[in-house]
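[1] Provided below are the primary sequence and the corresponding predicted coordinates.
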Amino acid sequence: MEIKPNITVLARHDKATHQTIVYKDHCNISQKPTPINTNYFNLFGDDIIENTEIYSTIKNGDRFYEDKICPDEETYVKNYGNTMASVYMGRRTFVIEETDNKISIKMFQYSSVRGVTKKFFRVRRTLDYLTFNYKTKLFYTGCIVSKKKNVINKNLYVNPNVGRLSSFFENYTIINEELTKDGNFNLFFNKIWDKIGLKSKYSLDHKPTTIKEIYALTKYLIYDIKLPNQWSKLSDLYFTKVDYKKGSFNLVETIMKKYDLKGTLIRKLLNEYQTLNLVDTILLYQILGVDKFSKLKEDFFKTDKFLSKCEYIDTTSCKELPKITNKEKDCLLSYFRDIKKLEESNVRTVMDHIGYRKTLNDLGEMVRIKAKTVDEFNLEHQDWSSLISSYRNGDVIRYYGEISDLEQEIKHEDETYYPVLLLNNLDFDKESQHQSNCVRTYIESAHCVIFSIRKGSVLGDERATVEYQYRKNEIVCVQSLGRFNNSLPEYFKEVVKKHQVMVSLFYKTKTLKLPKMIKTYRNGNVVENQSVFNMANNGDINVFHMTPKWEKNLPTNPSFWDQPIQRLVDDFLIDELL
């Protein structure tokens, strides 16, 4: 026989809310209708949202006009069985429970709602919890949702980061302000500190002022993490136990190891400054490198502005930037010195500027960063932007291999069909105009090849526009549509199937190659670009793209807004339609 542990209830709060919408049993024929949605109830807030509109529509289209809204329990009980009323009841129970092995915060939520004309109630039970195990010294949080005693959703997280618990704390603060006023959350953490003896370790200058900071500090002390005096600005960052081990269980060292930071200046900023734009500071370090970064003065990073805490620092975009020369870094150092304050700069604009440099270099414009002041930088950035714009329009020719092999005729039911490979601006424009679709916008796509399969002759009016998408080891037909993006007739679908077999064979035998594009710009320059399968580095993870990308990231200007007037499909569906 299982012995249940003794449970001590340290705190408990109960609250119930009701709402009743009573409808008229008649309709005023001269009344101008305005619809409402009576299925919406404010399930978790204390203030019931009143519907001020006129009628509600049920599934069969019948309209029911509102008579009155009542938030009291008496009206709810009176209309509980009245099908001419919508009724809602919500009940919340907040408890803090403790056993010999653990302590838990639990929020039980029960909701029961029935719409007008309905016979049955929609009932949901939800349990949100935060538990600390005294033996394992781990936090657990999760949610369990059930209906009719069956669990329909649940999750569990071990030692969650502050960001994941933010909604847990904030929702309960909004739901019941008395929970925090009465110190219930403080009671929860004080019990943990007393039980495992954390109070003797606490001797920091900055005392926690929020629930999230108390939670973060509790975890730091459990793992015996060495903290800077101004630790709270770093408290929303999440690190694993492996990260802490690499940083010798020192919070600042962990950050420096995680983001590959070195130098006295960055260490001092992390240790001493409470108001620090952490994301821009680390991104600036990644751009300049330790030597140039260390030449900036501490005052450059000081700010009087309130800065929200940082939960995650994504340096992926910075790592993907092309390398710049030391001379260019010196120019950027002078630029930041001219700004005088980090808060007045835009580190991401500098990152865009470096990206412009690579784009122009790929186009054959061998530009370098030379600006040393704010005015010089703004002018250089504007000039580069204008230069890139001059490369947006141009004439495109696509290459896939030997065309004659790829355009073999297809015989089906005594008819001949002619696959035509679209290769240049004229091909794409004519096909788009004939079919009244947006295939012209695909002319600079690296991931696909477009065929126009025509019945009777290479100039046949009845056509199927077919898109194939490249994969690493196969090629997939993703769209095959007729004029106006209509579905193809069955006999034409059979032709497309035969063509798919041919194209798949061409790709496997390398007769059909990844697209190569040669673009002649209006300024006279000619640029060649090859489609390739590559991977991107996302932090510590290599992400392989499912479809190929252009080797060079060049500016494009698809004729998206220049569609034929007879086109019947929505322009915004180009991702789904040809």
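    Yep, that arrived. Everything numeric in this text was worked out from a predicted model, so none of it was measured.

[2] hey, where'd the strands end up in the stretch 401-550 of the chain?
    410-412, 415-421, 448-455, 463-470, 475-481, 516-521, 526-532, 535-538, 541-544, 549-550 (DSSP state E, counting those that start in this stretch).

[3] To residue 335, which of the ones you listed lies closest?
    strand 535-538 (27.3 Å; Cβ to Cβ). Glycine gets a C-beta too; all of them are placed from N, C-alpha and C.

[4] picking up where we left off before, of the strands of the stretch 401-550 of the chain, which shows the lowest average pLDDT?
    Sorting the strands of the stretch 401-550 of the chain by mean pLDDT places strand 535-538 lowest, at a mean of 59.

[5] Low-confidence stretches in the chain?
    For the chain, the stretches with pLDDT under 70 are 1-4, 28-61, 170-183, 199-206, 304-312, 343-345, 535-543, 556-578.

[6] closest one to residue 263 among the strands of the stretch 401-550 of the chain?
    Using Cβ to Cβ, these put strand 535-538 closest to residue 263, at 23.5 Å.

[7] what are the ranges of the helices in the stretch 201-350 of the chain?
    211-222, 241-246, 251-258, 264-272, 278-293, 316-319, 326-339, 347-362 (DSSP state H, counting those that start in this stretch).

[8] any chance of those helices in TSV, plus mean neighbour count and distance to residue 489?
    Shown next, in TSV, are the helices of the stretch 201-350 of the chain (neighbours: other Cβ atoms under 10 Å; distance: least, Cβ to Cβ, whole Å):
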stretch	mean neighbour count	distance to residue 489
helix 211-222	21	62
helix 241-246	13	60
helix 251-258	20	59
helix 264-272	17	67
helix 278-293	20	56
helix 316-319	14	48
helix 326-339	16	60
helix 347-362	18	45
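
[9] Quick one, which of those gets closest to residue 105.
    helix 211-222 (10.6 Å).

[10] elements contacting the closest one?
    helix 162-175, helix 184-196 (3 or more Cβ pairs under 8 Å, 6 or more residues apart in numbering; DSSP states H and E).

[11] Which one, of the ones you listed, ends up nearest to residue 155?
    Taking these one by one with Cβ to Cβ, helix 162-175 is closest: 10.3 Å.

[12] rewinding a little: turn the strands of the stretch 401-550 of the chain into CSV, including mean neighbour count and distance to residue 340.
    Shown next, in CSV, are the strands of the stretch 401-550 of the chain (neighbours: other Cβ under 10 Å; distance: least, Cβ to Cβ, whole Å):
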stretch, mean neighbour count, distance to residue 340
strand 410-412, 14, 70
strand 415-421, 18, 58
strand 448-455, 22, 49
strand 463-470, 22, 50
strand 475-481, 18, 53
strand 516-521, 17, 40
strand 526-532, 15, 40
strand 535-538, 12, 34
strand 541-544, 10, 38
strand 549-550, 17, 40
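
[13] Any chance of CSV for the ones you listed, columns distance to residue 358?
    Listed next are the strands of the stretch 401-550 of the chain as CSV, based on distance: least, Cβ to Cβ, whole Å:
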stretch, distance to residue 358
strand 410-412, 44
strand 415-421, 32
strand 448-455, 25
strand 463-470, 25
strand 475-481, 30
strand 516-521, 17
strand 526-532, 14
strand 535-538, 15
strand 541-544, 20
strand 549-550, 13
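
[14] now the farthest one out in the protein, which residue is it?
    The C-alpha centroid of the chain is most remote from residue 414, which lies 52.0 Å away (Cα atoms, centre = their mean).

[15] Residue 133 against residue 99, yeah?
    No: contact criterion Cβ atoms under 8 Å: residue 133 and residue 99 do not qualify, at 10.0 Å.

[16] For the helices of the stretch 201-350 of the chain, give me TSV that also has distance to residue 150.
    Shown next, in TSV, are the helices of the stretch 201-350 of the chain (distance: least, Cβ to Cβ, whole Å):
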stretch	distance to residue 150
helix 211-222	32
helix 241-246	36
helix 251-258	43
helix 264-272	50
helix 278-293	44
helix 316-319	42
helix 326-339	60
helix 347-362	49
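
[17] closest one to residue 114 among those?
    Per Cβ to Cβ, nearest to residue 114 of the helices of the stretch 201-350 of the chain: helix 211-222, 36.4 Å.

[18] Show me which residues of the longest helix along the chain are buried.
    Ordering each helix of the chain by length in residues (DSSP state H) puts helix 490-508 first. With burial defined by 16 or more other Cβ atoms under 10 Å, the residues of helix 490-508 counted as buried are 492, 495-496, 499-500, 502-504, 506-507.

[19] Looking at the helices and strands packed on helix 211-222, which is nearest to residue 450?
    helix 162-175 (43.8 Å).

[20] which one of the strands of the stretch 401-550 of the chain lies closest to residue 389?
    Across these, residue 389 has its closest neighbour in strand 516-521 (10.9 Å, Cβ to Cβ).

[21] Contacts for the closest one, please.
    390-391, 393-400, 444, 446, 526-531, 550, 554 (Cβ atoms under 8 Å, 6 or more residues apart in numbering).

[22] Same check on stretch 285-300?
    Here stretch 285-300 makes contact (Cβ under 8 Å, 6+ apart) with 259, 261-266, 268-269, 284, 315, 318-319, 321, 329-330, 332-333, 336-337, 340-342, 347, 350-351, 354.

[23] And stretch 118-126, by the same measure?
    83, 107-114, 143-148.

[24] What's the ChimeraX syntax to select whichever of those residues are buried?
    The following ChimeraX line selects those of these that are buried, judged by 16+ other Cβ under 10 Å:
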select :107,108,109,111,113,114,144
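
[25] Among the contacts of stretch 118-126, pick out the one closest to residue 252, please.
    Closest to residue 252, out of all of these and judged by Cβ to Cβ, is residue 143, at 34.3 Å.

[26] what packs against the helix or strand containing the closest one?
    Assigned by DSSP states H and E, residue 143 falls within strand 138-147. Strand 138-147 is packed against strand 122-133, strand 150-158, helix 162-175, with contacts defined by 3+ Cβ pairs under 8 Å, 6+ apart.

[27] Packed most tightly, which of these would that be?
    Mean neighbour count (mean count of other Cβ atoms under 10 Å) peaks for strand 122-133 among the helices and strands packed on strand 138-147, with a mean of 18.
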